[in-house]
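# predicted structure and sequence below. I'll ask about it afterward.
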Amino acid sequence: MPTSQPHPVTSAVVDGFAGAVGNTPLIRLRRASEATGCEILGKAEFMAPGGSVKDRAALGMIEDAERRGLLVPGQPGTVVEGTAGNTGIGLTLVANARGYKAIIVVPNTQSREKIDFLRMIGADLRLIPPAPLKDPGHYVHVSRRIAEELQAKGERAFWANQFGNLANAAYHEQTTGAEIWDQTGGRIDAFTCACGTGGTLAGVARALKARDPKVRIVLADPMGSGLYSWIKTGAVKAEGNSITEGIGQGSAVPGNLEAGRDVIDDALQVTDPEALEQIYDLLVHEGISIGGSAGINLAAAIQVAKQMGPGHRVVTILCDGGSRYQSKLFNPEFLREKGLPVPPWLAG
């Protein structure tokens, strides 16, 4: 067994929640690397203070709103957003730290753990039935109307609009992408991750391509999403389905992703069994617990590495931890109902 060395202290003190966002480790994923002959690295965003990569988007959008006068530090204000959960968690925590309120609209199909966490941290949670994007009852439209109603009453309310707010991708370009470049010493051959808003992929892609245009950028898409088809054919066409939350789009391309189309080289699809295999393998053999979107990302990184051949370095995002999906990804009854594999240690 290799012995680990203590990590050097890079900064003794950071300033509050905002100071703790970012600068996450880049972890060499041993089994994926050995299986491909490449070096596969995962950006450990599950170590963010709010537990996910969405802390970055939340902080970036609120800081941008403050610069534009839509929110004023020290004065009453409300942040409103429709979300699958993690962005709502990040926004609520940033709002708490800044002295704002947060109204978060979430489809009631999301994991119980994320819903409970939102309540725990003080979000004004509005659970609604799932609806397609073209339906006025879709969580994005509901959240926008709530913000407009507050504004009509003369209240200071900011609709975060994570899908169309380009401050999302801009923050990833300034931070996530720059960190990956520095952590790899500029030696990176490919980057892949899935898209919900597209902010992470587009922002990181811009940062990496600006430094080395040869870095290959690959969108990873779960089944049931049409973004793979959009990259390949120009048309959004969804096939199949997935249990993953917060990633993939079935009918429309988010503004953040559309703005980054010119820096995306390719796309690939990942099935739920492929993602679950990586989630369980990483947990059992390397002690790293990740959620569904990170499983998609890791499976995609392995595909990209195999396409490129041995000797390359591929980076992806470990978006959040598995504890937010215990009732789904680690629930034998749920998995069997969906016809998906059950991890051996839970099968009994």
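Arrived safely, thanks for sending.

# how about residues contacting stretch 62-73?
18, 77, 79, 91, 94-95, 98-100, 156, 158, 160, 165, 167, 170-171 (CB atoms under 8 Å, 6 or more residues apart in numbering). Where you see a C-beta, it was placed from the backbone N, CA and C, and this is true even at glycine.

# I'd like the average pLDDT over it.
Averaging pLDDT along stretch 62-73 gives 97.

# same check, this time on stretch 31-45
For stretch 31-45, the mean confidence score works out to 98.

# which ones are touching residue 46?
Here residue 46 is in contact with 52, 289-291, 294, 318-321 (CB under 8 Å, 6+ apart).

# which of these fall within strands?
residue 318 (DSSP state E).

# quick check, nearest of the contacts of residue 46 to residue 241?
Nearest to residue 241 out of these is residue 291 (CB to CB; 17.8 Å).

# how about the contacts made by the residue nearest to residue 48 when sequence neighbours are not counted?
Closest residue to residue 48 apart from its sequence neighbours, by CB to CB, 6 or more residues apart in numbering: residue 55 at 4.2 Å. By CB under 8 Å, 6+ apart, the contact set of residue 55 is 21, 45, 48-49, 90, 93-94.

# 6 Å instead?
21, 48, 90 (CB atoms under 6 Å, 6 or more residues apart in numbering).

# what's the ChimeraX line that selects buried ones from these?
Per 16 or more other CB atoms under 10 Å, the buried members of the contacts of residue 55 correspond to this ChimeraX selection:
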select :21,48,90
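
# tell me the one of the contacts of residue 55 nearest residue 143?
Using CB to CB, the contacts of residue 55 come closest to residue 143 at residue 90, 14.9 Å.

# the closest one: which element?
helix 86-98 (DSSP states H and E).

# helices or strands up against that helix?
Packing contacts for helix 86-98, counted by 3 or more CB pairs under 6 Å, 6 or more residues apart in numbering; DSSP states H and E, involve helix 54-67, strand 78-82, strand 101-107.

# so which of the contacts of residue 46 is the most crowded?
The most neighbours of any of the contacts of residue 46, using other CB atoms under 10 Å, belong to residue 294, which has 33 neighbours.

# against residue 69, how distant is that residue?
36 Å (CB to CB, to the nearest Å).

# how about residue 305?
Taken as CB to CB, the span from residue 305 to residue 69 is 46 Å.

# residue 161 now?
17 Å.

# skipping its backbone neighbours, what lies nearest residue 111 in space?
residue 325 (5.2 Å).

# verify the stated contact: the one you found with residue 291.
Yes - between residue 325 and residue 291 there is a contact under CB atoms under 6 Å: 5.1 Å.

# sec struct for residue 23, please.
coil (DSSP: H, G, I helix; E, B strand; the rest coil).

# check it and give its pLDDT.
For residue 23, the predicted pLDDT is 96.

# how about residue 269?
For residue 269, the model assigns a pLDDT of 97.

# number the chain from 35, please
Will do, 35 is the new start, and the previous item becomes residue 303.
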